[in-house]
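Undergrad: Here is a sequence with its predicted model. Questions after.
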Amino acid sequence: MTENRTLWLQTAIVSAVKAGAAILAVYDSADMGVEKKADNSPLTRADRCAHTIIKADIGGLGIPMLSEEGRDIPFSQRKQWPRMWIVDPLDGTKEFIKRNGEFTVNIALVEGGIPTMGVIYVPVSDTLYFADHGLGAFKIGSWREAEIGVKNPGSIGNPTSLVGKAVRMPLPQDEKRRFTIMGSRSHATPELDAYVANMRHQHGEVDFISSGSSLKICLVAEGRADIYPRLGPTMEWDTAAGHAIAAASGAIVVRHDDGQPLVYNKANLLNPWFIVKRP
């Protein structure tokens with residue numbers, strides 16, 4: 001990794017863990033501060049706290065940042081950016097409100113429309129996923145148990161040193177595992193039901209796992225699932241970090257309609273339907 005990329009990845013990891021701690025503080029409190037956005041989706045005090053932390057941390061790196069809060073930045077301005085951060089400070093707000101633990105902090109670096117670096121932190125399970133296209137994709141099952149920057153996240157040093165405390169993805173495979181499909185816990189659609197039925201016709205017995213947030217992509221990156229069809233709306237900040245991690249693990253992320261790669265920093269930030277799958 002170049003010196004710049006090392007700094008970028010280190011900063012993103014530290015920021016994700018810090019944001020996760022702030023999210024847990026709200027998660028464990030009596031008042032989540034839930035509001036409704038213009039599209040009637042929820043926004044909490046944790047979303048705002050995490051966004052403030054991440055913006056402050058990565059804002060000093062000289063790379064512009066796009067998140068839901070910055071969705072009104074004109075495309076005429078964004079298309080001039082050779083690289084950008086795409087961030088979802090709290091992915092899975094509905095799961096957060098349900099207190100089921102299935103929410104994440106997502107930070108991605110996108111270059112030329114392609115996610116090349118990704119960090120996903122799962123606050124409740126203390127799980128960290130990180131990837132860079134030149135480094136590979138990795139998982140740390142418990143940040144605290146690995147004794148990495150527990151008291152001072154900024155002390156983790158060179159992210160390449162984390163590789164020795166992490167497992168490379170995909171993980172070793174269970175040959176007895178049935179074909180496994182990931183699906184959204186809160187956004188099931190008739191199209192997904194039809195897709196799963198078709199997979200059962202092709203593969204016979206299949207397992208279907210429902211999960212929230214970017215965890216669905218992470219399980220495909222791990223090799224614990226074979227495919228995640230997203231046959232419903234998502235935004236670029238929902239998927240960029242998971243896309244980077246999945247791609248670095250050797251998985252494929254393509255449009256559902258034409259099989260072409262999913263791209264980012266589009267004029268319309270709404271993703272087309274897509275598929276994440278093991279090759």
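TA: Nice, I can see it. On a predicted model such as this, the values are computed, not experimentally measured, just so you know.

Undergrad: Mind listing the residues bridging to residue 36?
TA: residue 42 (DSSP bridges).

Undergrad: What segments of the protein are strands?
TA: Listed in chain order, the strands of the chain (DSSP state E) span 35-36, 42-43, 65-66, 83-91, 104-111, 114-122, 127-132, 136-140, 167-168, 179-184, 206-211, 227-230, 252-255, 274-277.

Undergrad: Give me the mean pLDDT for the fifth one.
TA: Confidence over strand 104-111, taken as the mean pLDDT, stands at 98.

Undergrad: neighbouring strands for it, and are they parallel or not?
TA: When DSSP bridges is applied, strand 104-111 pairs with strand 83-91 (antiparallel), strand 114-122 (antiparallel).

Undergrad: out of those, which comes closest to residue 15?
TA: For residue 15, the closest of the strands paired with strand 104-111 is strand 114-122, at 8.1 Å, according to CB to CB. (C-beta placed from N, C-alpha, C; glycine too.)

Undergrad: if we can go back for a sec, kindly compare burial across the strands of the chain and name the winner.
TA: Compared across the strands of the chain, strand 104-111 shows the largest average neighbour count, a mean of 28 (mean count of other CB atoms under 10 Å).

Undergrad: How far away from the center of its chain is it?
TA: 7 Å (CA atoms, centre = their mean, to the nearest Å).

Undergrad: which stretches of the stretch 151-279 of the chain aren't confidently modelled?
TA: Within the stretch 151-279 of the chain, the segments meeting pLDDT under 70 span 151-160, 186-187.

Undergrad: Domain-wise, how is the chain divided?
TA: Domains of the chain are assigned by automatic domain parsing as 3-168, 179-277.

Undergrad: if we can go back for a sec, now the strands paired with strand 104-111 as TSV including mean pLDDT and distance to residue 37?
TA: Below are those laid out as TSV (pLDDT from 0 to 100; distance: least, CB to CB, whole Å):
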stretch	mean pLDDT	distance to residue 37
strand 83-91	97	13
strand 114-122	98	23
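
Undergrad: can you put those strands in TSV and add distance to residue 220?
TA: Shown next, in TSV, are the strands paired with strand 104-111 (distance: least, CB to CB, whole Å):
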stretch	distance to residue 220
strand 83-91	16
strand 114-122	13
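
Undergrad: Looking at those, which is nearest to residue 254?
TA: Closest approach to residue 254 among the strands paired with strand 104-111 is made by strand 114-122 (12.8 Å; CB to CB).

Undergrad: Output that closest one as CSV - backbone C-alpha positions only.
TA: Only the C-alpha atoms of strand 114-122 are listed here, as CSV (Å, rounded to 0.1, in the frame of the first residue of the first chain):
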residue,chain,number,x,y,z
ILE,A,114,-15.4,2.0,-8.5
PRO,A,115,-15.3,1.3,-4.7
THR,A,116,-11.6,0.4,-4.0
MET,A,117,-11.5,0.6,-0.2
GLY,A,118,-14.1,-0.3,2.4
VAL,A,119,-14.6,-0.4,6.1
ILE,A,120,-17.7,-1.8,7.8
TYR,A,121,-17.9,-1.9,11.6
VAL,A,122,-20.7,-3.8,13.5
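
Undergrad: Just the angle for it relative to strand 127-132, thanks.
TA: Per axes from the mean of the first three to the mean of the last three CA atoms, to 10 degrees, the angle that strand 114-122 makes with strand 127-132 is 170 degrees.

Undergrad: The lengthiest helix in the chain versus strand 136-140: what angle between them?
TA: Scanning the chain for the helix with the most residues, using DSSP state H, yields helix 3-27. Helix 3-27 runs at 30 degrees relative to strand 136-140, counting by the same axes, to 10 degrees.
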